[in-house]
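**Student:** Using only what follows, build the 3D model:
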Amino acid sequence: MTTTTLAVLVPLLPFLGAVAGLLLGRTAPGFTRPLAVLPTLTSLVLAALVAARQGGGAAVDSATELTPTGSVPIELALHVDGFAALVAVVVALVASCVQIYSTGYLRDDPRYPSYAALVSLFTSAMLLVVYSGDLMVLLVGWEVMGICSYFLVGHYWETPEARAASLKAFLVTKLGDVPFLIGLFALATDAGSFRVTRILGTVASGGLDHPTVIALLLLAGVAGKSAQFPLHTWLPDAMAGPTPVSALIHAATMVAAGVYFIARLLPVFEASQAAMVVMAVMAAVTMAGSALAALAQDDIKRVLAYSTIGQLGYMTGALAVGDRGAAVFHLLSHGAFKALLFLAAGVVIHAAGTNSLAAMSRMGGLRDRVPDAYWTMTVALLALAAIPPFSGFFSKEAVLGVAEHVVTGHSEHAPAAAGWIVLVAGLLTAVLTAAYATRLWLLAFRGRGAEAPDHGRQPLTMTVVLWVLAVPSLALGGFAFRLLPDWFDGRDLGPTLTTSVLGTGVALAGGIVTYAAWRHTTARAARVPLGAVAAHPGGDAARVEAEAIASHEPAYGDIALAPDPADPGRLLLGPLHRHAAAGFHLDAVYAALFVRPVQAGASLVRFLDREVVETYVRGAGALPRWLGAAVRRAQTGNVQTYVSALLAGTVVLAVAAVLVATGA
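**Tutor:** Numbering: from 1, shown residues only. Predicted coordinates for the structure are as follows:
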């Protein structure tokens, strides 16, 4: 087969698997798991073959016009360069791991057939985005991912949290998609084509007439899809869906699509210095704000959700300083260790027996019961914290290194202001990332919360996937930074001395300070006032204990603790903790600025429709109704009455005729 044929099959096979899964899921449930796993695995093999054949050399381009559309044609086009080839491999790898993992995680779920089919469709849509060489075809995959996320996040639709989260995810991302679509049309109008290669050629020749407007419109869509400030609020709530869905969304699909889109069209954004600065500010606020919020969350999946937002901020920051190689490098390594983090969290939740025990403060006795999750999650958290020699260190240092090059004047791809913003925010986020990664590890595996019942050993399909993903989380960065330049733009992605020392130093400091804070809070939580319990006879001792410890009252006696109150995040954040835990109240701001005015406007329209429009309609119909009632009364069905009325009418007409004749 040609490389083009193989590339076509990569997104096509999961799509066919999804269609077959939806058709046969209920009638032939025995085929559900093979239809979920085999097409995705085959797609992974084909994506690897495409990458091997492409080999970082010249891009593979192929196109055919779908139908005449006027001055700007829409073509079914492929554009497989080094970026696309490697991203597709990671997408297919994570999707395959998620499908295999889900066979164990959701083995008793009656809605598994539809879930598996939607995951396959989700994967197919992302692969279409990766390989597409035409922006309108890319938009198809972009929007299919949106509807798939709606259904998958709302998988547990019987719970109000899942219903609200799926609706929020859909609406917030659509809010960004509206300017994104306008930006695509404006870009195609200036370039005369939706083809990626022709658009880049137009930019290179200086033929783009409105670069700033186009870049900002496209950036709005990317902010929604990739959960960047200020359209990031949907992602933490999306944790109401199954944990494997979270792994897929965060590691390989949806949120990675926006970063990949900018990487593919980076020259469009580089054509506007203002757009690059705006992107840098957006990345900086996203990085720092999400890291602070992660440090205050109690739900393990919400910590990881805010972590994803922050790591996407690193990728956006690399793009803001004009280096798509560093951005995609971090995208690749993040895909491995973030998928591992979510799937390991799923094992922890599975061991606890219920999703309600995802609260880290209530976890206890899980370290020895889930050793696979313990060790692999430790690897992933070290990668997240960018501790050498784990993969996250090399990819994050690539981002900080290119920011340093811009600051020192060794790069002219972005303004110096963007470099300073990304570098300072990146170092600050490195401290906070190590802090919340350490906090998560301590509370999840060394916590003293109430021990959940032992639900037995986890399915083999779940634990095997963890070790598969642990390999790239540990070893990917060490050789990737040497090989990736040949696949990307040729720029050096190796760590520089200055940012390596600074980044690793602040990360170690963040972890050590968090550990010290945990030891301090643990010591204080070891003894709580027995008098507080005596004051509430027959009450909830666990609640009293938690309240007493949270208030830092003096300790008088020993008590057996149920929820683990030793949370270093509260001590480290101080008065900022309450605001960070609520996501800095951004949802409340949106509710005040947008939701309530829209609801008030809807109430006004409903009042006008009911009291004005309907009143007019009712009034317009009243007169005919009254006339009809009068006529209906005359229809008695009595023949004598009809004859009498006929004679009376005849007499009246005769008299009238005589009077007229006499007058004449």
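**Student:** May I ask which helix or strand of this protein has the lowest mean pLDDT?
**Tutor:** Scoring the helices and strands of the chain by mean pLDDT, DSSP states H and E places strand 557-558 at the bottom, with a mean of 32.
**Student:** and the next element down the chain from that strand?
**Tutor:** Following strand 557-558 in sequence order, the next helix or strand is helix 568-573 (DSSP states H and E).
**Student:** So what's the residue count around the closest residue to residue 253 other than its chain neighbours?
**Tutor:** Of all residues not flanking residue 253 in the chain, residue 126 sits nearest, at 4.1 Å (C-beta to C-beta, 6 or more residues apart in numbering). Any C-beta I mention is one placed from the backbone N, CA and C, and that applies to glycine too. The tally of other residues near residue 126 (other C-beta atoms under 10 Å) stands at 31.
**Student:** what's residue 126 in contact with, if anything?
**Tutor:** 91, 95, 141, 145, 252-254, 256-257 (C-beta atoms under 8 Å, 6 or more residues apart in numbering).
**Student:** Work out for me the element it sits within.
**Tutor:** Residue 126 belongs to helix 112-131, assigned by DSSP H and E.
**Student:** by contact count, what packs against the following helix or strand past that helix?
**Tutor:** Of the helices and strands lying after helix 112-131 in sequence (DSSP H and E), the nearest is helix 135-153. Contact analysis of helix 135-153 by 3 or more C-beta pairs under 8 Å, 6 or more residues apart in numbering; DSSP states H and E lists strand 74-80, helix 112-131, helix 160-191, helix 211-225, helix 243-251, helix 255-264 as its packing neighbours.
**Student:** out of these, which comes closest to residue 363?
**Tutor:** Smallest distance to residue 363 across those (C-beta to C-beta): 14.9 Å, for helix 243-251.
**Student:** Compute the inter-axis angle for that closest one and helix 160-191.
**Tutor:** Inter-element angle recorded for helix 243-251 and helix 160-191: 30 degrees (by axes from the mean of the first three to the mean of the last three C-alpha atoms, to 10 degrees).
**Student:** so who does residue 577 touch?
**Tutor:** Per C-beta under 8 Å, 6+ apart, neighbours of residue 577: 296, 569-570.
**Student:** Check what contacts stretch 190-208 and list those residues.
**Tutor:** Contacts for stretch 190-208 (C-beta under 8 Å, 6+ apart): 59, 61, 63, 71-75, 77, 79, 132-136, 184, 187-188, 209-211, 214, 264-265, 267-268, 271.
**Student:** Just the buried residues of the contacts of residue 577.
**Tutor:** For the contacts of residue 577, a burial check counting by 16 or more other C-beta atoms under 10 Å picks out 296, 569-570.
**Student:** Return the closest of those residues with respect to residue 388.
**Tutor:** Of all these, residue 388 sits closest to residue 569, with 25.3 Å by C-beta to C-beta.
**Student:** sorry, back to before: are any of the contacts of stretch 190-208 buried, and which?
**Tutor:** Buried among the contacts of stretch 190-208 by 16+ other C-beta under 10 Å: 59, 63, 73-75, 77, 79, 132-136, 184, 187-188, 210-211, 214, 264-265, 267-268, 271.
**Student:** ok, how many other residues are close to residue 508?
**Tutor:** Neighbour tally, residue 508, other C-beta under 10 Å: 15.
**Student:** How about the secondary structure of it?
**Tutor:** State at residue 508, reduced to three classes by DSSP: H, G, I helix; E, B strand; the rest coil: helix.
**Student:** Low-confidence stretches in the stretch 401-550 of the chain?
**Tutor:** 448-456, 525-550 (pLDDT under 70).
**Student:** quick one: the helices in it?
**Tutor:** In the stretch 401-550 of the chain, the segments counted as helices under DSSP state H, counting those that start in this stretch are 416-445, 460-487, 497-525, 530-534, 541-550.
**Student:** circling back: TSV for the buried ones among the contacts of residue 577, including distance to residue 329?
**Tutor:** Output for the buried ones among the contacts of residue 577, formatted as TSV (distance: C-beta to C-beta, whole Å):
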residue	distance to residue 329
296	30
569	30
570	35
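**Student:** Columns pLDDT and distance to residue 444 on top of those residues, output as CSV?
**Tutor:** As requested, those are exported to CSV (pLDDT from 0 to 100; distance: C-beta to C-beta, whole Å):
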residue, pLDDT, distance to residue 444
296, 93, 16
569, 90, 13
570, 90, 16
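**Student:** between those residues, which is closest to residue 513?
**Tutor:** residue 569 (11.6 Å).
**Student:** do you know how far the closest one is from residue 306?
**Tutor:** Applying C-beta to C-beta, to the nearest Å, the value for residue 569 to residue 306 is 12 Å.
**Student:** anything in contact with each of these two?
**Tutor:** Between them, residue 569 and residue 306 share these contacting residues under C-beta under 8 Å, 6+ apart: residue 436.
**Student:** who touches residue 401 in this structure?
**Tutor:** Here residue 401 is in contact with 326, 493-496, 499 (C-beta under 8 Å, 6+ apart).
**Student:** Could you give me the PyMOL selection string for whichever of those residues are buried?
**Tutor:** Burial among those is assessed by 16+ other C-beta under 10 Å; the matching PyMOL selection reads:
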select buried, resi 326+493+495+496+499
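**Student:** As JSON lines, the contacts of residue 401 with distance to residue 376 would be great.
**Tutor:** Shown next, in JSON lines, are those (distance: C-beta to C-beta, whole Å):
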{"residue": "326", "distance to residue 376": "26"}
{"residue": "493", "distance to residue 376": "26"}
{"residue": "494", "distance to residue 376": "27"}
{"residue": "495", "distance to residue 376": "25"}
{"residue": "496", "distance to residue 376": "30"}
{"residue": "499", "distance to residue 376": "28"}
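**Student:** Residue 242: which of the contacts of residue 401 is nearest?
**Tutor:** Nearest member of those to residue 242, counting by C-beta to C-beta, is residue 326, at 32.3 Å.
**Student:** quick revisit: relative to residue 45, how far out is the residue nearest to residue 253?
**Tutor:** Per C-beta to C-beta, residue 126 is found 17 Å from residue 45.
**Student:** Would you mind getting the angle between whatever helix or strand residue 290 lives in and helix 255-264?
**Tutor:** Counting by DSSP H and E, the element that carries residue 290 is helix 273-294. Angle between the axes of helix 273-294 and helix 255-264 is 160 degrees (criterion: the same axes, to 10 degrees).
**Student:** Return the list of helices and strands in contact with the helix or strand that helix 273-294 is followed by.
**Tutor:** As assigned by DSSP H and E, the chain's next helix or strand after helix 273-294 is helix 300-320. Where contact means 3+ C-beta pairs under 8 Å, 6+ apart, helix 300-320 is packed against helix 234-237, helix 243-251, helix 255-264, helix 273-294, helix 324-352, helix 391-407, helix 416-445.
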